[in-house]
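*Asks:* sequence isn't available, so here's the structure alone:
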């Protein structure tokens, strides 16, 4: 089966990023950051703005991994509802956690406005379409919990959802007006430019290959040189390597794959997501979709571990487009790309202290644009001297995923099972 040529829509439409050198020689800094995605770049930005010397090591180029490959959906909150968070963390800590994650989109849009980042930003809300009537009751409970906390969120009837989505596929849903969209690679490059202006250093094509505790300082070796610092932030998420192997084994990397159509004809474009919201539905194997600035429909769902997906594997995405938007029959697909999502066993992002002066945040479970940005700020505050109790986010013990070596097999099996379950549900009208 032939492979599909991989090219990201975002790589074609994003403004150029800053030119950054590779690491050479021996350098020292106050804070070293490993990973130049949203987490690492936001941390570096806040640290540099606070007057700290900070250097970022990136193994590839800025935005080459998940921060430049995701769907660009800025989604509030985490997978769990607010009342569940208070049950997990207690009333006071749970409410602080809820405020932190619920306000994550605010930070994204505030940074974009303050820093003048050119990234096709649109804050028109996020829709979670209900794939079945059964999904409406949990959504109504979620909406009620957020409304009690003052969030601008509401339920959508079947007719309202159809109007906003341009699709008759869904039973209704919810609209959260805190959300929105960005061009994800442009956002990452804009954060990098802002961090550099503030005084941070960023080194690309400079993988961290060895981390050594030298008693009060850490030395990070890279092929062209080394960097030492008393504080190190690990911001590598689903791309965490054996450099910090216990951290790597605390998340499961799951592939997510996207396709983009050719620009839609004007008549169709006017009716499909006409107000510009992004959407992520409630299917077991959720589909997430939006329309970009050029009028292309972008559709994503869990993908394949193959380096180059075959024509057969991307047909799942084509069928999803045709199921949700049958009016797009005959519209071609011009872009195909994918990346990894870091999933955790409790479906929550994690903030860890691996050792004194060695801290990490990861595990965004598909909500990384907003949550990774907030995590970067949290890590910067911690590195600046804030105590864990002052962060508004729990610092949790590092726990590895049981049988992590076999997690890839489990993910493959789960994707196939969920895909089959969704297909059977659709056939039964559920």
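*Replies:* On my side now, so go ahead. For clarity, every value in this text was computed on a predicted model and none was experimentally measured. Numbers count the residues shown, from 1 in each chain.

*Asks:* which parts of the stretch 301-430 of the chain are strands?
*Replies:* For the stretch 301-430 of the chain, the strands defined by DSSP state E, counting those that start in this stretch occupy 333-343, 350-355, 358-362.

*Asks:* what stretches of the stretch 251-400 of the chain score poorly on pLDDT?
*Replies:* 303-308 (pLDDT under 70).

*Asks:* tell me where it has helices.
*Replies:* Ranges of helices within the stretch 251-400 of the chain are 266-269, 311-324, 368-383, based on DSSP state H, counting those that start in this stretch.

*Asks:* mind putting those helices into CSV with distance to residue 125 and mean neighbour count?
*Replies:* From N, CA and C alone the C-beta is placed, and that goes for glycine too. Shown next, in CSV, are the helices of the stretch 251-400 of the chain (distance: least, Cβ to Cβ, whole Å; neighbours: other Cβ atoms under 10 Å):
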stretch, distance to residue 125, mean neighbour count
helix 266-269, 18, 12
helix 311-324, 18, 16
helix 368-383, 13, 26
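
*Asks:* to residue 208, which of those helices lies closest?
*Replies:* helix 368-383 (16.1 Å; Cβ to Cβ).

*Asks:* contact partners for residue 184?
*Replies:* Contact analysis of residue 184 by Cβ atoms under 8 Å, 6 or more residues apart in numbering lists 10, 63, 67, 68, 69, 70, 71, 72, 119, 369.

*Asks:* no, scratch that, I was asking about residue 136
*Replies:* Residues near residue 136 by Cβ under 8 Å, 6+ apart: 130, 155, 171, 172.

*Asks:* burial count for the second one?
*Replies:* Yep, that's residue 155 we're talking about. By other Cβ atoms under 10 Å, 18 other residues sit near residue 155.

*Asks:* now the residue most central in space within the chain: how far from residue 340?
*Replies:* Geometric centre of the chain, nearest residue: residue 368, 2.1 Å, by Cα atoms, centre = their mean. Counting by Cβ to Cβ, to the nearest Å, the gap from residue 368 to residue 340 is 11 Å.

*Asks:* residue 126 too?
*Replies:* Residue 126 is 22 Å from residue 340, by Cβ to Cβ.

*Asks:* the two: which is more packed in?
*Replies:* Between residue 126 and residue 340, residue 126 has the larger neighbour count (other Cβ under 10 Å), namely 27 against 19.

*Asks:* excluding its backbone neighbours, what's nearest the more buried one?
*Replies:* The shortest distance from residue 126 to any non-neighbouring residue, by Cβ to Cβ, 6 or more residues apart in numbering, is to residue 179 (2.8 Å).

*Asks:* now, of the strands of the stretch 301-430 of the chain, which is deepest in the fold?
*Replies:* Mean neighbours per residue, mean count of other Cβ atoms under 10 Å, is largest over the strands of the stretch 301-430 of the chain for strand 358-362, with a mean of 24.

*Asks:* who does that strand pair up with?
*Replies:* Here strand 358-362 is paired, per DSSP bridges, with strand 231-234 (parallel), strand 350-355 (antiparallel).
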